[in-house]
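next one to model:
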Amino acid sequence: MAHYAFINSENVVVEVIVGRDETDTAGGINDWETYYASKRPGLICKRTSYNTYYDGETIYDASGEPIGVTQTNSKHRLGKTPFRGKYATIGDIYDAANDVFLAPVVEDAPE
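Alright, predicted model coming up:
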């Protein structure tokens, strides 16, 4: 069993599903990202790992703006190599340049 995130044209995760394991072959299909993307026209499909998370440290760009989490501060619950930064959830951002899912930065509410 694997999980797959669907990403819209603004790089926002709009849906996450449970699907075939990435090593499964069925009916001649062995590229599940492409297969699932074909079922949701206009969306990109990327596998995401339920066991990958980040340690909560916010990453900032050169100008000091918070940008989320990168692969370097990700962890895997079973001690394996983290996959794509974190488990994708609806509303997350997909950073294609770094091939990671980022939690959206939430501005602090004014006091």
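
got a list of what residue 27 touches?
If you count contacts by Cβ atoms under 8 Å, 6 or more residues apart in numbering, residue 27 has none. C-betas here are computed from N, CA, C, even on glycine.

what's the separation between it and residue 35?
Per Cβ to Cβ, to the nearest Å, residue 27 is found 9 Å from residue 35.

how deep is the closest residue to residue 32 other than its chain neighbours tucked in, by neighbour count?
Leaving aside its sequence neighbours, residue 32 sits nearest to residue 20 (Cβ to Cβ, 6 or more residues apart in numbering; 5.0 Å). By other Cβ atoms under 10 Å, the residues close to residue 20 number 16.

what residues are up against residue 20?
Taking Cβ under 8 Å, 6+ apart, we find residue 20 in contact with 1-2, 26, 29, 32.

where exactly do the strands run in the chain?
Taking DSSP state E as the test, the strands found in the chain are 2-7, 13-19, 44-48, 52-54, 59-60, 66-68, 74-76, 93-95, 100-102.

how about these, which one is nearest residue 85?
With Cβ to Cβ as the measure, strand 100-102 is the member of the strands of the chain nearest residue 85 (3.1 Å).

okay, now the sheet partners of the closest one, with direction.
Applying DSSP bridges, strand 100-102 is found paired with strand 93-95 (antiparallel).

check the contacts of residue 20 and tell me the two furthest apart.
Pairwise distances across those (Cβ to Cβ) peak at 15.8 Å, for the pair 1 and 29.

higher neighbour count, the two?
Higher neighbour count among residue 1 and residue 29: residue 29, with 13 against 8, using other Cβ under 10 Å.

tell me how far the residue lying closest to the more buried one once chain neighbours are set aside lies from residue 62.
Nearest residue to residue 29 in three dimensions, chain neighbours excluded: residue 35, at 5.1 Å (Cβ to Cβ, 6+ apart). Applying Cβ to Cβ, the value for residue 35 to residue 62 is 39 Å.

over to residue 1?
Counting by Cβ to Cβ, the separation of residue 1 from residue 62 is 40 Å.

now swap in residue 15 and tell me
According to Cβ to Cβ, residue 15 and residue 62 sit 33 Å apart.
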